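Need the 3D shape of this:
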Amino acid sequence: MPLQAELITLSGRSFVAVCALVAAVTLILGRDLPVWLLAAEVLTTILSLFLLGSFKYQIHKNALTYGMLLVIIATFCKLGTSEWHVEIQERGWWYWTQSNLLTFHGLDDLIHADTMLFILGLTFFVSVIAQTRLLEGITFSLLRRNQGAILPTVISVTAFVAVASAVFGGVSMIGLTIRTLVIVLLLAAAPASAITYAVIVCTAITTICGVWVAYGEPPNLIMKANLYPLLGNAFFVIYCAPAAIVSYLLIARQLRKRLHNQHVYLDLLDVVEANAQDVRFLQATRHGEVLTPIEFIEDHAAELGERAAGVLKWLHHGETLGLALFRENVPEETRKNLLGHFVSEDLADSLDRHYQLSFARDREGAKQAERGIEEALASLAHVRRHAQMVGALALGPFIGMLIVHTIFDRVPLFWASFAGFLFAFLGIAGIPKMRGLALREGYVEYAEYYFLFPLFLSITLLTKAGFFNLIQTVLHKGIETMGQGHVAFAQFLGCTFLSAILDNNIVADFASRGLHGLSPAVMHLFAMAQIIGYALGGCWTHIGCAQSVVAFAFIRRDVDESYTPLQWMKDITPIIVEIMIALTILIYVQNAFLRWLG
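Numbering: from 1, shown residues only. Sure, this is the predicted structure:
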């Protein structure tokens, strides 16, 4: 039985109501509460995200974090003292409100407003570019250049994604990368195990290989915000780029083992497969959705009835959608309706005729039927190329504003991603269905971050209560006792394991606040150890980071509905262990270099 059938979802409204009651009681009866109680409540919230998100009893993460925030705020208000308590006593509530709620700087300190707005703009920016089918175009161009060989194509695409993830964010790249690679592997009739592994590897590439730029991963931005100006853009390139390169080389070696004998026979591709980027662009233009054949059939299973399972079976074995419909004897009217909705109603008759001749093994007739379809798709190519050109040109304002922010740090970072998004949006603004699809996908993707706001605020409250002064003391004593190299390794391991069971954004915000008060060299070493730990641990489980959540959901939906979190860990652990060993060596080499410099 699939794991999903065993889940029991708890009421989010009831949980928030109980939290509100506890918060009210705390405000009425609480007096001089200890800081450790506040820390325990924050830790309970963070651990509950794992416990109530991975096992039988689950609750929506927004209900959990926003409900617990009520309790945490009530406890903070009843602490014996804190930085904010003193500030309010000396200057009053209005001064506190102006400083922390009515200024952008105050909101940035409170909930990482600049970082979260940057991610918002970046999410919509990449969503717009994705609609131009740029990555599919690059992939199929490489596939043709490599004469159908899967391995060099996948290596090239993943290398491109590794670099792009460092600039555009791994969360924005993961969904598009997965779908593109799955399309190619299905064309090669790759086994389900190879497809599953490719999806998992996408998580590692978009997470670990994107750490070498401050803007590649939300934890990077959080680290930079917490430790600025001691942690600038140069730090990520100097300290984190070696980790990203070593990790990618190890991932590429694993891909070589899995995909070295996979091949796509280009001369056997039908018209829909050979023109994938134009077909998917047409889908977005005409229907406002872009689906793989498997996703499409799953969404239209009711129209196929008992034939749906057979069609899906053929698709999983690499068959084209049209031939899969013929092999299951789907009625003509249903076939044309499905083909029309998958590509275009105008081409439904031509597509059905093409697949009918292909099924009858009339290759010459099928080729002749393709010509009209290819001409119709080619007529849209100029629209796609224009949208791709505008999307590529949008890199200009995006990178330009990043440079402005680097030179003038008072200019908020989020203007860069919004400038790129607004410029790229011009390329699809005249295509209503595609425009709506881009905005809808951007909204859905960003909604995965809503649960972070209460947690960021909770950690800020801990900071104002002086909790992280204790962490800094522990670090100083650890350096004196063990040496900075061993402490850096301990932070690496700790962040790896914590990020595997918690969200790596939260671990980044929590752990980085303890690095204040260190010398710049030691802080850089510890920051590097934490960053690569967040990235590595985020891939290790199905909930460690947003990319893992997306990848796991895709596997369950489109590859194997019975796939479990334990199978995820079993499949990915070998590469995680390899990378962990390599990064451990890197940490000690970096420590030796710093000691040599004195």
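
Make sure Ile46 is actually in contact with Ile506.
Yes. Ile46 lies in contact with Ile506 (Cβ atoms under 8 Å); the separation is 5.6 Å. From N, CA and C alone the C-beta is placed, and that goes for glycine too.

Identify the contacts common to those two.
Common contacts of Ile46 and Ile506 (Cβ atoms under 8 Å, 6 or more residues apart in numbering): Leu455.

more crowded one of these two?
A count of neighbours by other Cβ atoms under 10 Å puts Ile506 above the other of Ile46 and Ile506, at 25 against 21.

Who are the contact partners of that one?
Ile506 neighbours (Cβ under 8 Å, 6+ apart): Ile46, Leu49, Leu452, Leu455, Ile459.

Which pair of these spans the longest distance?
Spanning the widest gap among the contacts of Ile506 are Leu49 and Ile459, at 13.6 Å by Cβ to Cβ.

Between the two, which is the more surrounded one?
Ile459 (24 against 21).

Tell me if the more buried one really is in a helix.
Yes. Assessed with DSSP: H, G, I helix; E, B strand; the rest coil, Ile459 lies in a helix.

Would you mind stating the distance between it and Pro412?
21 Å (Cβ to Cβ, to the nearest Å).

Could you do Glu370 as well?
52 Å.

in terms of contact, does Ile579 touch Ile208 like I think?
Yes. Applying Cβ under 8 Å, one finds Ile579 in contact with Ile208, separated by 6.7 Å.

Find the residues that touch each one of those two.
Counting by Cβ under 8 Å, 6+ apart, the contacts common to Ile579 and Ile208 are Ser247, Ile251, Leu536.

Please indicate which of those residues are buried?
For the shared contacts of Ile579 and Ile208, a burial check counting by 16 or more other Cβ atoms under 10 Å picks out Ser247, Ile251, Leu536.

CA atoms only: put whichever strand or helix holds the last one into CSV for me.
If I follow you right, that is Leu536. Per DSSP states H and E: Leu536 is located in helix 520-540. Taking C-alpha atoms only, helix 520-540 is exported to CSV below (Å, rounded to 0.1, in the frame of the first residue of the first chain):
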residue,chain,number,x,y,z
PRO,A,520,37.4,37.1,10.2
ALA,A,521,39.5,34.1,9.2
VAL,A,522,38.0,31.8,11.8
MET,A,523,34.5,33.1,11.0
HIS,A,524,35.0,32.4,7.3
LEU,A,525,36.2,28.9,8.0
PHE,A,526,33.2,28.2,10.2
ALA,A,527,30.8,29.9,7.8
MET,A,528,32.1,27.7,4.9
ALA,A,529,31.7,24.6,7.1
GLN,A,530,28.1,25.5,8.0
ILE,A,531,27.1,26.4,4.4
ILE,A,532,28.3,23.1,2.8
GLY,A,533,26.7,21.3,5.7
TYR,A,534,23.3,23.0,5.1
ALA,A,535,23.5,22.1,1.4
LEU,A,536,24.6,18.5,1.9
GLY,A,537,22.1,17.8,4.6
GLY,A,538,19.3,19.4,2.7
CYS,A,539,19.6,16.7,0.0
TRP,A,540,19.8,13.8,2.4
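
Pull the distance from it to the chain's centre.
Distance, stretch centre to chain centre, for helix 520-540: 19 Å (Cα atoms, centre = their mean, to the nearest Å).

What residues of that helix count as buried?
521-540.

what mean pLDDT does it have?
The average pLDDT within helix 520-540 is 91.

for the next helix or strand after that helix, packing partners?
Sequence order places helix 546-554 as the next helix or strand after helix 520-540, per DSSP H and E. Helix 546-554 is packed against helix 170-187, helix 192-207, helix 520-540, helix 565-597, with contacts defined by 3 or more Cβ pairs under 8 Å, 6 or more residues apart in numbering; DSSP states H and E.

tell me the angle of the third one relative to helix 192-207?
Put simply, helix 520-540 runs at 160 degrees to helix 192-207, going by axes from the mean of the first three to the mean of the last three Cα atoms, to 10 degrees.

Name the spans of this protein whose pLDDT lies under the cut-off.
Residues of the chain meeting the criterion pLDDT under 70: 1-6, 598.

on that earlier part again, make TSV from the helices and strands packed on helix 546-554 and add distance to Leu10 to it.
Output for these, formatted as TSV (distance: least, Cβ to Cβ, whole Å):
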stretch	distance to Leu10
helix 170-187	27
helix 192-207	28
helix 520-540	26
helix 565-597	19
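
So which of these is nearest Ile28?
Closest to Ile28 of these is helix 520-540 (Cβ to Cβ; 39.4 Å).

now the strands for the stretch 51-200 of the chain?
Secondary structure of the stretch 51-200 of the chain (DSSP state E, counting those that start in this stretch): strands at 57-58.

so who does the residue minimising distance to the centre of the chain touch?
Central residue of the chain (Cα atoms, centre = their mean): Val171, 2.2 Å from the mean position. Residues near Val171 by Cβ under 8 Å, 6+ apart: Ile119, Thr123, Thr206, Pro218, Glu445, Glu448, Cys545, Ala546, Gln547, Val550.

Give me the phi and psi angles of the fourth one.
Right, Pro218. Reported as degrees, to the nearest 10, the phi and psi values for Pro218 are phi -50, psi -40.

Now tell me what touches stretch 396-415 from outside.
With contact meaning Cβ under 8 Å, 6+ apart, stretch 396-415 is reached by 104, 114-115, 117-118, 120-121, 125, 215, 221, 228-229, 233, 416-417, 419-420, 423.

can we see that at 10 Å?
Defining contact as Cβ atoms under 10 Å, 6 or more residues apart in numbering, one finds that stretch 396-415 is touched by 104-105, 108, 113-122, 125, 167-168, 213-215, 221, 224-225, 228-229, 232-234, 416-424.

Distance-wise, check Glu90 relative to Ala465.
Where Ala465 is concerned, Glu90 sits at a distance of 17 Å (Cβ to Cβ).

try Tyr443
Distance of Tyr443 to Ala465, given as Cβ to Cβ: 35 Å.

between those two, who's got more neighbours?
Ala465 (23 against 13).

can you tell me which residues contact that one?
Contacts for Ala465 were tallied using Cβ under 10 Å, 6+ apart; they are 34-36, 38-39, 75-76, 79-85.
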